[in-house]
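Visitor: Sharing a sequence plus its predicted fold:
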Amino acid sequence: MYHNKTGKNIGYYKGDRIMIEYLMKILRFENLKGKTLSSITGKTGDVEVIFTENNGKMYKLYNEEEGTGNDVSITIDDIIGDFDNIIESPILLAEESSNNLTDDATWTFYKLSTIKGNVTIKLYGESNGYYSESAQFAECTKR
């Protein structure tokens, strides 16, 4: 993954060329509050979750160190609830909380609520203690 000087992911390396795919604007997960989602993709064992708004805007919950060879791993450990319960209904609550299990392992919970129901995405992150076990949440803009 290639990062610009502000630390935002903006593409990937292909040989010696940088291929610009998306501009990533890091946001707080709470920014989903008030948005209406048309789809959510991600399942247990995946390394990212993609949220798409009705207007086509995309957001990604991921770890920027994943796949870089650094000693860090974040995966979806569990999804409590059904994504269908929060699709096509405004998000009333979007919150993140975490629980450090050890110096190099963390549970992070991402809760979304609408009038139709709730979903909690539970991520498990582990590292060698040097890298963060936290996920980033970003708005993705296609170039």
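Guide: Here it is on my side, so go on.

Visitor: tally of neighbours for Gln136?
Guide: Neighbourhood size, Gln136 [other Cβ atoms under 10 Å]: 20. C-beta here means a position set from N, CA and C on the backbone, and glycine is covered the same way.

Visitor: Distance of the residue nearest to Ser113 when sequence neighbours are not counted relative to Asp104?
Guide: On the basis of Cβ to Cβ, 6 or more residues apart in numbering, the spatially nearest residue to Ser113 that is not a chain neighbour turns out to be Leu93, at 3.9 Å. According to Cβ to Cβ, to the nearest Å, Leu93 stands 30 Å off from Asp104.

Visitor: So for the two, which sits in the more crowded spot?
Guide: More neighbours surround Asp104 than the other of Leu93 and Asp104, with 16 against 12 (other Cβ under 10 Å).

Visitor: Please report how far that one lies from Tyr110.
Guide: Distance from Asp104 to Tyr110, counting by Cβ to Cβ: 21 Å.

Visitor: so the most centrally placed residue in the chain, which of the three states?
Guide: Centroid-nearest residue in the chain, with Cα atoms, centre = their mean: Leu61, separated by 0.6 Å. Judged by DSSP: H, G, I helix; E, B strand; the rest coil, the three-state class of Leu61 is strand.

Visitor: My guess is it contacts Leu112. True?
Guide: No. Applying Cβ atoms under 8 Å as the test, Leu61 and Leu112 come out as separate, 10.9 Å apart.

Visitor: shared neighbours, the two?
Guide: Residues touching both Leu61 and Leu112 (Cβ atoms under 8 Å, 6 or more residues apart in numbering) are Ile121.

Visitor: and Thr44, that one's in a helix?
Guide: No. Assigned with three-state DSSP, Thr44 falls outside any helix and is coil.

Visitor: That one is in contact with Ile121, isn't it?
Guide: No. Judged on Cβ under 8 Å, Thr44 makes no contact with Ile121 at a distance of 9.8 Å.

Visitor: From the neighbour counts alone, determine which of the two ranks first.
Guide: More crowded of Thr44 and Ile121, by other Cβ under 10 Å: Ile121, with 24 against 11.

Visitor: Contacts only, for that one.
Guide: Taking Cβ under 8 Å, 6+ apart, we find Ile121 in contact with Gly42, Val49, Leu61, Ile76, Asp78, Ile79, Phe109, Tyr110, Lys111, Leu112.
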